[in-house]
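Chemist: A predicted structure for the sequence below; I have some questions about it.
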Amino acid sequence: TQSTRPQRLLGAVQKNATRGDPRSVVQAIDQFCRQKEWAMNVGDEKGCILDSVVSEVNPATVLELGTYCGYSTVRIASLLPPHAKLITLEFNPDFAAIARQVIAWAGVEDKVHLVEGASGDWIPKMTEQFGVKTFDLVFLDHWKDRYLPDTMLMEECGLLRKGSILLADNVICPGTPDYLEYVRSSLRYESQYFKSHLEYTKVEDGLEKSVFLG
Ligand SMILES: O=C(NCCCCc1cc2ccncc2s1)c1cc(-c2ccc(F)cc2)cc(O)c1O
Ligand SMILES: [Mg+2]
């Protein structure tokens, strides 16, 4: 039977990356996606912007919406302080199964809790299920039409505190126009656009960083 792209991506990690070395896992995935098959990881160019935001925030609690194969999960986890927690939501069970193995290969499973399910269902359960009061950093990389409703839901559930950072992928391509309009016009957010390119291409894309002002 035919393998899937995520399965081939995992194969490239197991072949080319060193167990327990998160940066070598990131490098192996980027090499696979540049040389063999494009995949919707945040990628190396936007990944450097992600790294700088994570390092600046130095978060104790992180929520990632959209795990895919775990590329950004591993990238973020490799920069977290010792007892920090990253909760990552993935809707697609096949993607989640691959991501678990990528996360394990990188050796960051102790910092990561991968949850399978839909953001709209899980966001209201974050506090009761995981004992998280608020998130210091949220990385939005899931369905582009869920960025805005899920941001409003996080506000309603009290998961954002004064200073919480939202970092959103793909605000240009595929694009999240209603989300951009909201965070850029709302008095409750201070927003900044980081111009970049769609992963592994020359197409414009970027990350929007928004600070919740409370
Ligand atoms: O759709 C994208 N990413 C979301 C996948 C949806 C997975 C979900 C996770 C989850 C968790 C919880 N609740 C609900 C959901 S739904 C995506 C697409 C492109 C792209 C760009 C140009 C193209 F020509 C073709 C694709 C690039 C990217 O960087 C992406 O992130
Ligand atoms: Mg993305």
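Modeler: Cool, got the structure. Numbers count the residues shown, from 1 in each chain. Ligands and ions are numbered 1, 2, ... in the order given.
Chemist: export the helix or strand Val138 falls within as CSV, just CAs?
Modeler: Element membership for Val138 (DSSP states H and E) is strand 137-140. Only the C-alpha atoms of strand 137-140 are listed here, as CSV (Å, rounded to 0.1, in the frame of the first residue of the first chain):
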residue,chain,number,x,y,z
LEU,A,137,2.0,32.0,24.2
VAL,A,138,-0.4,30.6,21.6
PHE,A,139,0.8,29.5,18.2
LEU,A,140,-2.1,29.5,15.7
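Chemist: that strand near ligand 1 at all?
Modeler: No. If you take Cβ under 6 Å from any ligand atom as the test, strand 137-140 misses ligand 1, and the best it gets is 9.3 Å. The way it works is simple: take the backbone N, C-alpha and C, and place the C-beta from them, glycine included.
Chemist: contacting residues around Thr73?
Modeler: The contact partners of Thr73, taken as Cβ atoms under 8 Å, 6 or more residues apart in numbering, are Glu64, Thr67, Leu86, Thr88, Ala99, Val102, Ile103, Val108, Val112, Leu114.
Chemist: what's around Cys157, how many residues?
Modeler: For Cys157, the number of neighbouring residues by other Cβ atoms under 10 Å comes to 14.
Chemist: that older thread, hmm, whichever helix or strand comes after the strand holding Val138 in reach of ligand 2?
Modeler: Counting by DSSP H and E, the next helix or strand C-terminal to strand 137-140 is helix 147-156. No. Under the criterion of Cβ under 5 Å from the ion, ligand 2 is not reached by helix 147-156; the shortest gap measures 10.7 Å.
Chemist: can you list the helices and strands that helix 147-156 packs against?
Modeler: In this structure, helix 147-156 makes packing contacts with helix 119-122, strand 137-140, helix 177-185, judged by 3 or more Cβ pairs under 8 Å, 6 or more residues apart in numbering; DSSP states H and E.
Chemist: about what we covered before: packing partners of the strand holding Val138?
Modeler: When contacts are defined as 3+ Cβ pairs under 8 Å, 6+ apart, strand 137-140 packs onto helix 43-57, strand 61-65, helix 147-156, strand 165-168.
Chemist: pull out the buried residues from stretch 169-183.
Modeler: Of the residues in stretch 169-183, Asp169, Asn170, Val171, Ile172, Cys173, Thr176, Tyr179, Leu180, Tyr182, Val183 count as buried by neighbour count, 16 or more other Cβ atoms under 10 Å.
Chemist: rewinding a little: among the helices and strands packed on strand 137-140, show me which one is buried the most.
Modeler: Across these, averaging neighbours per residue (mean count of other Cβ atoms under 10 Å) puts strand 61-65 on top, at a mean of 26.
Chemist: can you state the direction angle for that one and helix 147-156?
Modeler: 150 degrees (axes from the mean of the first three to the mean of the last three Cα atoms, to 10 degrees).
Chemist: got a list of what the residue of the chain found nearest ligand 2 touches?
Modeler: Nearest residue of the chain to ligand 2: Asp169, at 3.7 Å (Cβ to the ion). In this structure, Asp169 makes contact with Val42, Lys46, Gly66, Ser72, Phe139, Leu140, Asp141, Asp205, Leu207, judged by Cβ under 8 Å, 6+ apart.
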